[in-house]
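Participant: Sequence and predicted model, in that order:
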Amino acid sequence: MTKNHVPGNGASGIWAPLTNLTLASNALERAMERSPNLPGIVTFNGPSGLGKTMSAAYCANKWNAVYVECRSFYSAKSLMSSILKEAGLVAERTLNDMLEQIVAELQRSRRPLIIDEVDHIVESKALQLIRDIHDAAGCAIMLIGEEHLMRKLQRVERFHNRVLVAQPASLASERDTRSLVAFYCRDVEILDDALKLIHLRSRAVVRRICVNVDGVRSHALARGLKKVAAADLADFAFYTGDSPMRSPM
């Protein structure tokens with residue numbers, strides 16, 4: 001998934017103003033504007049569904065960052081190749097040559113580097129290459145991962161002490177839910193009590209809120225409703241993340 005094809009970046013390029021977008025952007029900006037003697041690695045981590053990838057994509061678009069998303073099979077060479085591809089360069093054959101290419105490009109462009117799904121590589125040689133890029137290029141680097149990312153990084157002291165900001169992702173606020181309703185449900189008005197119910201039943205998880213907002217929209221349109229109150233959702237099956245119960249025989 002490239003930074004231009006991430007949920008939240010609509011065809012018009014407008015973003016829903018969510019808390020986590022601001023948290024991630026502020027953390028990366030701090031690394032970009034840090035004093036020369038400070039480390040420049042930022043982490044942004046939390047449980048799945050909080051909109052971390054959406055936030056990373058927002059930062060990538062805002063700061064023209066080199067953005068890569070790790071896969072479960074990534075090796076050190078896979079990571080280096082992906083970074084070079086996103087930077088618009090053809091990769092050399094050896095890891096050393098690739099590293100030199102990346103360092104030279106990031107020094108020249110002063111673009112930050114964002115690496116998403118970093119949990120896939122945090123226990124591999126690729127992590128040390130990220131440290132090498134940081135030390136040689138001096139660029140700001142943001143690592144996006146799950147809730148235990150910092151605990152994993154603490155096991156590698158030489159890497160962990162290069163972290164400037166460890167920013168946890170936040171659960172969605174009711175204001176975030178309102179923003180997502182405005183973004184994904186423009187043809188149906190969701191009233192305040194229904195909005196609060198969506199937020200509650202989604203457990204403040206961004207992905208579930210998006211799913212439930214879309215579901216409520218379909219529910220309303222199927223019933224010819226232009227406005228939806230909590231009472232209209234008595235028979236609506238909210239997506240909560242729980243396993244569905246079997247119906248009695």
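Facilitator: Thanks, I have it. Residues are numbered from 1 along each chain as shown.

Participant: tell me the contacts of Arg223?
Facilitator: By C-beta atoms under 8 Å, 6 or more residues apart in numbering, the contact list for Arg223 reads Asp232. Quick note: C-beta positions are derived from backbone N, CA and C, even for glycine.

Participant: For Leu84, which three-state class applies?
Facilitator: Under the three-state scheme (DSSP: H, G, I helix; E, B strand; the rest coil), Leu84 adopts helix.

Participant: Near the residue nearest to it when sequence neighbours are not counted, how many other residues are there?
Facilitator: Excluding the flanking residues, the one nearest Leu84 by C-beta to C-beta, 6 or more residues apart in numbering is Ala91, at 4.5 Å. Using other C-beta atoms under 10 Å, Ala91 is surrounded by 18 other residues.

Participant: ok, Ala91 to Ile114 distance?
Facilitator: As judged by C-beta to C-beta, to the nearest Å, Ala91 and Ile114 stand 19 Å apart.

Participant: Determine the set of other helices and strands touching the helix of greatest length in the chain.
Facilitator: In the chain, assigned by DSSP state H, the helix with the most residues is helix 206-222. Contacts defined by 3 or more C-beta pairs under 8 Å, 6 or more residues apart in numbering; DSSP states H and E place helix 206-222 against helix 174-184, helix 192-201, strand 227-228.

Participant: change it to 7 Å
Facilitator: Counting contacts by 3 or more C-beta pairs under 7 Å, 6 or more residues apart in numbering; DSSP states H and E, helix 206-222 packs against helix 174-184, helix 192-201.

Participant: These into TSV, with extra columns for distance to Arg151?
Facilitator: Converted to TSV, the helices and strands packed on helix 206-222 look like this (distance: least, C-beta to C-beta, whole Å):
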stretch	distance to Arg151
helix 174-184	26
helix 192-201	29
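
Participant: May I see the buried residues of the helix or strand bottoming out on mean pLDDT in the chain?
Facilitator: Least confident helix or strand, the chain: helix 157-160 with a mean of 90, by mean pLDDT, DSSP states H and E. Neighbour-count burial for helix 157-160, counted by 16 or more other C-beta atoms under 10 Å, picks out Phe159, His160.

Participant: what does stretch 48-64 give?
Facilitator: 49-61, 63.

Participant: From these, which land in helices?
Facilitator: Using DSSP H, the subset of those located in helices is Lys52, Thr53, Met54, Ser55, Ala56, Ala57, Tyr58, Cys59, Ala60, Asn61, Trp63.

Participant: ok, the third one to Lys152 distance?
Facilitator: With distances defined as C-beta to C-beta, the gap from Met54 to Lys152 amounts to 23 Å.

Participant: Which pLDDT value does the model give the residue lying closest to Ala169 once chain neighbours are set aside?
Facilitator: Nearest residue to Ala169, sequence neighbours excluded (C-beta to C-beta, 6+ apart): Gly46, at 3.1 Å. Gly46 carries a pLDDT value of 96.

Participant: Count the neighbours of Gly46 for me.
Facilitator: For Gly46, using other C-beta under 10 Å, the count is 22.

Participant: hang on, isn't it packed against Gln167?
Facilitator: No. Look at Gly46 against Gln167 with C-beta atoms under 7 Å: they stay out of range, at 9.1 Å.

Participant: So Arg178 versus Arg223, what's the distance?
Facilitator: From Arg178 over to Arg223 the distance is 22 Å, taken as C-beta to C-beta.

Participant: tell me the contacts of Val188?
Facilitator: Taking C-beta atoms under 7 Å, 6 or more residues apart in numbering, we find Val188 in contact with Arg217, Ala220, Leu221, Leu225, Lys226, Val228.

Participant: ok, now Leu106?
Facilitator: By C-beta under 7 Å, 6+ apart, the residues touching Leu106 are Leu113, Ile133, Ala137, Cys139.

Participant: ok, and the closest non-adjacent residue to the third one?
Facilitator: Spatial nearest neighbour of Ala137, excluding adjacent residues (C-beta to C-beta, 6+ apart): Leu106 at 4.0 Å.
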